[in-house]
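Sequence first, predicted coordinates after that:
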Amino acid sequence: MKEMNASHLIGVPVISAAVSACLLVAFVPAANATPTPKSTVSDQHLAHSESRSLQPSKPRSRKLPGTRCRAFPKSSAWHADISGLPTHVRSAQWLASSGASDTDLHPDFGPSYGAQSVPYGIPITIVKAKNKFKVKRKKKVRFGYADESDRVRYPLNRRTKIEGGWNAGGDRHAIVVHAKSCKLYETWNTRRIGKRWTAGSGAVWSLKSNKLRPAGWTSADAAGLPILPGLLRWDEVKRGYVDHAIRFTVSASQKNYLWPARHQAGSTSSPGVAPMGARFRLKQSFDISGYSTHAKVVLSAMKRHGMVVADNGSDWFFQGTSDSRWPAQLISELKGIPAAGFEAVDTSTLQISPNSGRANR
């Protein structure tokens, strides 16, 4: 089910492959072996001639199970309703560059049927330590991309869940949430060698804040975005409402990025290829009436909040949590959704500040 993906960062040696919303923002040109430079304006964000009003919906963001935390504030771009926004002028080109005409969605999560020790998907570790973590309970991590990592101590231990399991290859993402302080810690290519922890890069966020990473910085995702808020979770699907955009990958991306993304990992400068942060939605005309109740929940979210290009990987693979409760029938239904049913969205009117993930309503 799971496929090996393209490199997490382009133009520099990588430690692991990465399978790993979009508004008017500055772009950054590619950096080969050097840190990504600050952004510059690109024609990628030429405003669509058609203007439509934003949807005034109020996201029903709920707390992550076992925590006091929501996956970022209700005002976050992750929760923005993009169903009424105009189609992006590059929509047809971006769809073509990702092979949408003959590709179906691929849920990159669900039962592994014995192929690995844990279900496919990216797990979330909830730490319920009282108050703030004590320094001695956190670990120093040696990063491959230290210049673009948050070099603090990370709450990693033998109980930390690793994508694919502790003996897995691939991306080996680790996502840890401190249940009380609502701090989010994310790493990729996460390994414990003896008593030492290493990772490709690491990023820390406050789930209570819309603050973005520094412009040009990567994260555990090539787009420099947090992974957690873009994961489809069984608890929300079962509840009947998904209130956020969903993370997905494309095999080729542009050497630019769109707000609120902060980093590019592109292989081309062509504006006809989607950049990191590009946002797509399932067309309103796509008929979901014949799908199961759970599938309708997911497809409705794809119409309302869309999907965000977050990393290089297999075209139209979208991510969810590693959870043994995912129904095989739901996974099968989602595998049949045609990528051609989507369109890229011009979300430039959502941006309030280039350094904040808060979205206009």
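Ah, there it is.

contacts, neighbours, all on C-alpha from now
OK.

any idea how far G272 lies from L105?
For G272, the distance to L105 (CA to CA, to the nearest Å) stands at 21 Å.

Check D147 too.
Distance, D147 to L105, using CA to CA: 35 Å.

Which secondary structure element is home to the spatially most central residue of the chain?
In the chain, the C-alpha closest to the average C-alpha coordinate belongs to R247, at a distance of 3.6 Å (CA atoms, centre = their mean). Secondary structure assignment for R247, by DSSP states H and E: strand 246-250.

what's around the spatially closest residue to P275 that is not a sequence neighbour, how many residues?
Taking CA to CA, 6 or more residues apart in numbering as the measure, P275 lies nearest to Q254, with 4.4 Å between them; neighbours along the chain are not counted. The burial count assigned to Q254 is 21, neighbours taken as other CA atoms under 10 Å.

again with K183
Using other CA under 10 Å as the criterion, K183 is surrounded by 17 other residues.

Give me the pLDDT value at it.
The confidence metric pLDDT takes the value 97 at K183.

Residue numbering should commence at 56 henceforth.
With 56 as the first residue, the last one maps to K238.

can you pull the contacts of it?
Remark: with contacts taken as CA atoms under 8 Å, 6 or more residues apart in numbering, K238 is in contact with V232, V259, W260, S261, L262.

If we use 7 Å, what do you get?
Taking CA atoms under 7 Å, 6 or more residues apart in numbering as the criterion, K238 is in contact with V232, W260, S261, L262.

got a pLDDT number for the second one?
Going back to what we said before, that points to W260. In the predicted model, W260 carries a pLDDT score of 98.

so it touches T242, yeah?
No - the criterion here is CA atoms under 7 Å, and W260 misses it with T242 at 11.9 Å.

of the two, who's got more company?
When W260 and T242 are compared for neighbours, T242 comes out ahead with 28 against 20, by other CA under 10 Å.

mind listing what that one touches?
By CA under 7 Å, 6+ apart, T242 lies in contact with H228, A229, I230, A254, S256, G257, A258, A275.

What's opposite the second one in the beta bridge?
Per DSSP bridges, residues listed as beta-bridge partners of A229: T242.

and it, how many residues sit next to it?
Other residues near A229 number 25, with proximity taken as other CA under 10 Å.

again with the first one
Counted with other CA under 10 Å, residues neighbouring H228 total 30.

Now do the same contact list for it.
If you count contacts by CA under 7 Å, 6+ apart, H228 has them with I177, I217, E218, T242, W243, N244, T245.

now it, nearest residue through space, not along the chain?
Across the structure, with CA to CA, 6+ apart as the measure, the residue nearest H228 apart from its sequence neighbours is W243 (4.2 Å).

The fourth one too?
Take A254 and drop its neighbours on the chain: the residue closest to it by CA to CA, 6+ apart is T245, 4.4 Å away.

what's the spacing between the residue nearest to the centre of the chain and A316?
Here R302 is placed at a distance of 12 Å from A316 (CA to CA).

How about A333?
Spatial separation of A333 from A316 under the definition CA to CA is 9 Å.

Run a quick neighbour tally on R197.
The local packing count at R197 equals 18, with neighbours defined by other CA under 10 Å.

Likewise for the one 10 residues further on?
Using other CA under 10 Å, V207 has 14 neighbouring residues.

Next one: it from W149, what distance?
Applying CA to CA, one obtains 38 Å for the distance of V207 from W149.

helices or strands next to the strand holding R302 in the packing?
With contacts taken as 3 or more CA pairs under 7 Å, 6 or more residues apart in numbering; DSSP states H and E, strand 301-305 sits against strand 362-367, strand 372-373.

Against which helices or strands is the helix or strand just after that strand packed?
Read in the C-terminal direction, the helix or strand following strand 301-305 is strand 334-337, with elements assigned using DSSP H and E. Contact analysis of strand 334-337 by 3+ CA pairs under 7 Å, 6+ apart lists helix 348-359, strand 362-367, strand 397-399 as its packing neighbours.

So what are the sheet partners of the shortest one and their directions?
Spelled out, that is strand 397-399. Here the strand partners of strand 397-399, with direction, are listed using DSSP bridges: strand 334-337 (antiparallel).

what ranges of this structure fall below the confidence cut-off?
Low-confidence regions of the chain, defined here as pLDDT under 70, cover residues 56-116, 184-191.

what are the ranges of the strands in it?
Under the criterion DSSP state E, strands of the chain are mapped to 161-162, 179-182, 196-198, 229-233, 238-243, 246-248, 251-254, 256-261, 301-305, 334-337, 362-367, 372-373, 397-399.

Let me know which of the ones you listed is the nearest to K390.
Shortest distance between K390 and those, using CA to CA, is found for strand 161-162: 5.1 Å.

Would you map the helices across the stretch 106-255 of the chain?
Counting by DSSP state H, counting those that start in this stretch, the stretch 106-255 of the chain has these helices, from start to end: 146-152.

how many neighbours does A383 have?
Under the neighbour criterion other CA under 10 Å, A383 is assigned a count of 10.

Columns distance to G165 on top of the contacts of H228, output as a markdown table?
As requested, these are exported to a markdown table (distance: CA to CA, whole Å):
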| residue | distance to G165 |
| --- | --- |
| I177 | 10 |
| I217 | 15 |
| E218 | 12 |
| T242 | 21 |
| W243 | 20 |
| N244 | 21 |
| T245 | 21 |
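
nearest spatial neighbour of V259, skipping sequence neighbours?
In space, V259 comes closest to Y240 once its chain neighbours are excluded; the distance is 4.7 Å by CA to CA, 6+ apart.

gap between the one you found and P284?
12 Å.

Compare these two (neighbour count), which wins?
Between Y240 and P284, counted using other CA under 10 Å, Y240 has the larger neighbour count: 25 against 20.
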